[in-house]
Every structure is written in C-alpha cells, then in structure tokens.
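> here's my sequence, what's the structure:
(one chain, ligands or ions: 1)
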Amino acid sequence: MDAPNRFADMPISGGLDRILTIELVRVTERAAVAAARLRGRGDEMAADQAAVDAMRSELNRLPIRGTVVIGEGERDEAPMLYIGEEVGTGEGPAVDIALDPLEGTTICAKNLPNALAVVAIAEKGSLLNAPDVYMDKIAIGPGYPAGTVDLDLSPAENIERLAKAKGVLVDEITACILDRPRHEKLIEAVRATGAAIRLIGDGDVAGVIHTTDPAETGIDIYIGSGGAPEGVLAAAALRCIGGQMQGRLILDTPEKVARAARMGIEDPSRVYQAEDMAKGDVLFAATGVTDGNMLAGVKFGKDSIRTHTIVLRSSTRTVREIKARHQDMDKFGPES
Ligand code: VTB
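Coordinates of the predicted model:
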C-alpha cells in the first residue's frame, strides 16, 4: 500500500506552488556567487552587473510568468531586470517579482558585512509598486503586541514602548540605523533614551530582517529612511517570518508625487503596514554575499563553492536555511 501523502492536505490552490520555494534558492545563490567573485574589489558597478546577469538567467529558468515590479530601475535606466520586464519560462503562475541582485553594492565592494542577493515572489498584483524614492521605515520582530511601535510616534516613544513590551530596560535595546547625515537628529534622539545604535553603511533589507532574531543578531528595531524598493523587499521577508513593519514614502516634491501617482499611489502620505506592501502568499529568498549577522557569505574552496541562503514562505511561515556546497563549479562560470 502507498504511504499516506502527508502533504496532500496542504493548501496549494490560491497560493504559489510550493516547489517554487526551493527553486527560488537557486536564483539568489547564483547571483550571490557572481557578486562574491567581485567582493572587495572596490568596483560596485561590476559586482552589481555580475549579480544582475546571474539572477536574470536563473529567473528565466523558473516555471513562472513573472513581471519585475521592484527591480533595477525604470526601463530607460536599466537594461536588465527593469520594472515591467517579463521573466520566467512563460508557463506557470503569473507572479510579481521584487528583486535586488546585490543589496549593498558598496558593502560588497568594500567586503563589509551583510551584502545579500535578494528576491521575493508574490501573486500578481500583490506587491507595492514603489517608486525609487526614500521611505521612512520602522520594524520590529515577532512576539510583540500589535501597534507596539508606530511611525507617528517619536523615536524615544518607540524605543520605550518596545523595551516595555520586551520586558527589558531601555538601555538593553539596540536600534539599527543607516549611517547618513539625514539621520543625525534620529540618532541623537535614540541615544538620548540610553538605547544602543548599530550604525550600518548600507543594507537596510538585512537591517530589517535582523530584527526578527535579536538573540542572534543583537538588533531589536530598525528605524530610519532608506530606499522604498528595499522597503518592499524587507516587508516581504517580514510577512514570512512575522514581525511588524510600517513604511511611508517620502514624496517631498511635486515631481515625486506625480511619479508615485503614475505607479498607482493615490495617497502620498499613506502609512503602509508590511501586509499592504506584500500581500497574499509571498516567497522570499536571500543568499549571503559577504559574511553577515544571519547569513554567511559565499566561500570559494578549491573544489566547491559554499552558499548560505534563507528561504521563507508566508502562507506556512516556514523558515528554511539552506547551506549548499556546489561541486559543479562550471555552473557558476560566466558563460553558463
Ligand atoms: C538603503 C540601503 C541600500 O540605499 O536603502 C540605501 O539598504 C538608501 O539610500 O543598500 P541612500 O544610500 O541614498 O541613503 C542602499 O544603500 C543602496 O541601495
């Protein structure tokens, strides 16, 4: 008699094909390896281009009818993986794709921690089509009451409410903030509470994800403004792991308001929850390019290449970490 199929009752219809979860790993693995070959070479553009090429060719092997909604830029500024580009084999589910083949080009060029290759897939129409402007962001991990933090509260209030919800003193909280002149006041306000700050050079997708496991990463909260496209990617990850995130586009000129309107954004001051930025069934994968707080970077050995990937699915909240040893080195050559 056949063994009972324990997956038989799992929901597939109405969501994305489960098989895609694992398929997605190859996409970020390949981009990460391509970028890592150019790690620490001081050439951001070359590393980014290598990651883009690799990610695109692997995405085109996926059995999807994919449309890039968060990509390398508008069609006229990005020759590949531009917003609106169709990817995949053209068969299978119609999906929206948010990607950043090399999140943290500067950190990769300098070989500093937390550069990632990142991709998220969701059902068609489920990802916020965010223009490439700044977004105010705030994020905390799972396990806190809804509304613990809020973009409309002051940084001090948010830190204090988080400390209370976590059951610790304020000075045991660490906030992750992008090291930018525009954050001078924010940094001052957070320091005044007694909380610690981890200042990062780039890579706020990783910064947000790190809030989901403070025991491992040492980061409790992400605050500050960064790229809106990176905000959607981070929201996709949080939808899968749990946690709370809010984002508000910074549309501070009539030109930006008009650009956002063309992308379907009617209310320029809307606060988006993670659920508004990435709806429905979402898959997310990230592979470490450089060593980081959660993911190891790509390691090149004599006979193999090692990669470390996290792959997530919102409908089941499964968090998989995949450490791969690739022995077929040719597969990662520039020509394959
Ligand atoms: C962040 C960071 C990115 O852009 O979103 C940042 O996560 C925001 O822009 O890695 P500024 O650099 O202008 O502050 C990156 O640094 C690059 O995309």
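> could you count how many residues lie near the nearest residue to residue 85 once chain neighbours are set aside?
Using C-beta to C-beta, 6 or more residues apart in numbering and skipping the chain neighbours, the partner closest in space to residue 85 is residue 68 (4.6 Å). Any C-beta I mention is one placed from the backbone N, CA and C, and that applies to glycine too. For residue 68, the tally of surrounding residues (other C-beta atoms under 10 Å) stands at 21.
> same question, the one 4 residues further on
Residue 72 has 25 neighbouring residues, counting by other C-beta under 10 Å.
> go on, residue 112?
Residues lying near residue 112 (other C-beta under 10 Å) number 19.
> distance of the closest residue to the ligand within the stretch 1-150 of the chain from residue 78?
Per C-beta to the nearest ligand atom, residue 104 is where the stretch 1-150 of the chain lies closest to the ligand, at 4.6 Å. Residue 104 sits 18 Å away from residue 78, going by C-beta to C-beta, to the nearest Å.
> where in the protein is pLDDT low?
The chain contains residues with pLDDT under 70 at 1-15, 329, 331, 333-336.
> what does it have sitting close to the ligand?
Counting by C-beta under 6 Å from any ligand atom, the chain comes close to the ligand at 103, 104, 178, 180, 202, 203, 204, 205, 226, 227, 230.
> mark which of those are buried, thanks.
The neighbour count (16 or more other C-beta atoms under 10 Å) marks 103, 104, 178, 180, 202, 203, 204, 205, 226, 227, 230 as buried among these.
> may I see the residues you listed organised as JSON lines, with secondary structure and distance to residue 255 added?
Shown next, in JSON lines, are those (DSSP: H, G, I helix; E, B strand; the rest coil; distance: C-beta to C-beta, whole Å):
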{"residue": "103", "secondary structure": "strand", "distance to residue 255": "26"}
{"residue": "104", "secondary structure": "coil", "distance to residue 255": "28"}
{"residue": "178", "secondary structure": "strand", "distance to residue 255": "24"}
{"residue": "180", "secondary structure": "coil", "distance to residue 255": "22"}
{"residue": "202", "secondary structure": "coil", "distance to residue 255": "25"}
{"residue": "203", "secondary structure": "coil", "distance to residue 255": "28"}
{"residue": "204", "secondary structure": "helix", "distance to residue 255": "24"}
{"residue": "205", "secondary structure": "helix", "distance to residue 255": "26"}
{"residue": "226", "secondary structure": "strand", "distance to residue 255": "20"}
{"residue": "227", "secondary structure": "strand", "distance to residue 255": "17"}
{"residue": "230", "secondary structure": "helix", "distance to residue 255": "21"}
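> and of the residues you listed, the nearest to residue 284?
Of all these, residue 205 has the smallest distance to residue 284: 9.9 Å, by C-beta to C-beta.
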